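Chemist: this one's structure only:
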């Protein structure tokens, strides 16, 4: 039930398309030759972008920006073209160059006092980039900035819930290995000293993660991905419980969220199919 984070950039592309469509009306009214040429390059870049030719698209967007340095929409498209060429998990200098170039363009947009849609789009993109780069402190910081701009942004709340689970899973598995516990052995961890040390570090973040997923569900009660992570957060946190009774109760609650997530997945798929028809 893990989510492919690249879908976040497909969402951004949809928002960019709306911004570009609005811009056509504005530029047609101004009649400025330089800005019209910039728009033409934007359109050429968008066509290349749609075809998956991101390098060619980036060249057009850079030309548009050179013709009109205040062209935030072209800069957002340029940053997104860089993002599409970035491969999460690959640590080559070339790959990092795309991520850094994208961040620079998004930050330039944010520094230009943009309109609210552009500001939110750039902030969401920065948050998603940091998450994909596994820079979780920065990802947390930028997702909180997203929420400040858009208090009902379910993706930001969801990600803030995913981060503490992601940070806890490795030490939890290591502890189970140290204690000769199998993956399906019931919670909590057997070694009280090790459990206490992990609890001191991870209990609060995991609990906060649960609260973030609740906020994601408040924004969208049918959000099955948030339900899936409610299960994971509660289930893994059970390893830090003080006794078997509490751990058993937590696992039972986690199982309940598995059922809810599966039901929501089916309902959402049915709605999607009906809409397609």
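Modeler: Perfect, I can see it now. Since we're looking at a predicted model, the values are computed, not measured. Numbers count the residues shown, from 1 in each chain.
Chemist: how about the helix or strand harbouring residue 198: buried residues?
Modeler: Using DSSP states H and E, residue 198 falls within helix 192-219. Neighbour-count burial for helix 192-219 flags 194-195, 198-199, 202, 205-206, 209-210, 212-213, 215-217, 219 (criterion: 16 or more other C-beta atoms under 10 Å). To be clear about C-beta, it is placed using only N, CA and C from the backbone, and glycine gets the same treatment.
Chemist: how much space between the residue sitting nearest the centre point of the chain and residue 67?
Modeler: Centroid-nearest residue in the chain, with C-alpha atoms, centre = their mean: residue 128, separated by 4.2 Å. Using C-beta to C-beta, to the nearest Å, one obtains 29 Å as the distance from residue 128 to residue 67.
Chemist: now do residue 142
Modeler: 30 Å.
Chemist: distance check, residue 274 against residue 268.
Modeler: Residue 274 sits 11 Å away from residue 268, going by C-beta to C-beta.
Chemist: give the contact list for the residue nearest to residue 133 when sequence neighbours are not counted.
Modeler: In this structure, residue 133 finds its nearest non-sequential neighbour in residue 99, 6.1 Å apart by C-beta to C-beta, 6 or more residues apart in numbering. Neighbouring residues of residue 99 by C-beta atoms under 8 Å, 6 or more residues apart in numbering: 82, 83, 86, 129, 133.
Chemist: which among the residues you listed end up buried?
Modeler: Buried subset of the contacts of residue 99 (neighbour count, 16+ other C-beta under 10 Å): 82, 83, 86, 129, 133.
Chemist: going by distance to residue 234, which of these wins?
Modeler: Nearest to residue 234 among the buried ones among the contacts of residue 99 is residue 133, at 27.7 Å by C-beta to C-beta.
Chemist: isn't that closest one right up against residue 89?
Modeler: No - applying C-beta atoms under 8 Å as the test, residue 133 and residue 89 come out as separate, 9.1 Å apart.
Chemist: helix or strand with the lowest mean pLDDT in the protein?
Modeler: helix 7-30 (a mean of 50; mean pLDDT, DSSP states H and E).
Chemist: state the next helix or strand along the chain beyond that helix.
Modeler: Next along from helix 7-30, by DSSP H and E: helix 33-50.
Chemist: buried residues in that next one?
Modeler: Result for helix 33-50 [16+ other C-beta under 10 Å]: buried residues 35, 38, 39, 41, 42, 44, 45, 46, 48, 49.
Chemist: quick one on the thing from earlier: can you say which helix or strand has the residue nearest to residue 133 in it?
Modeler: Here residue 99 is assigned to helix 93-111, by DSSP H and E.
Chemist: got the angle between the very next helix or strand once past that helix and helix 93-111?
Modeler: Using DSSP H and E, the helix or strand that directly follows helix 93-111 along the chain is helix 116-132. Computed by axes from the mean of the first three to the mean of the last three C-alpha atoms, to 10 degrees, the angle separating helix 116-132 from helix 93-111 equals 150 degrees.
Chemist: contact partners of whichever helix or strand comes after helix 116-132?
Modeler: Counting by DSSP H and E, the next helix or strand C-terminal to helix 116-132 is helix 136-149. By C-beta under 8 Å, 6+ apart, the residues outside helix 136-149 that reach it are 116, 119-120, 123-124, 126-127, 130-131, 153, 155-157, 159-160, 163, 166-167.
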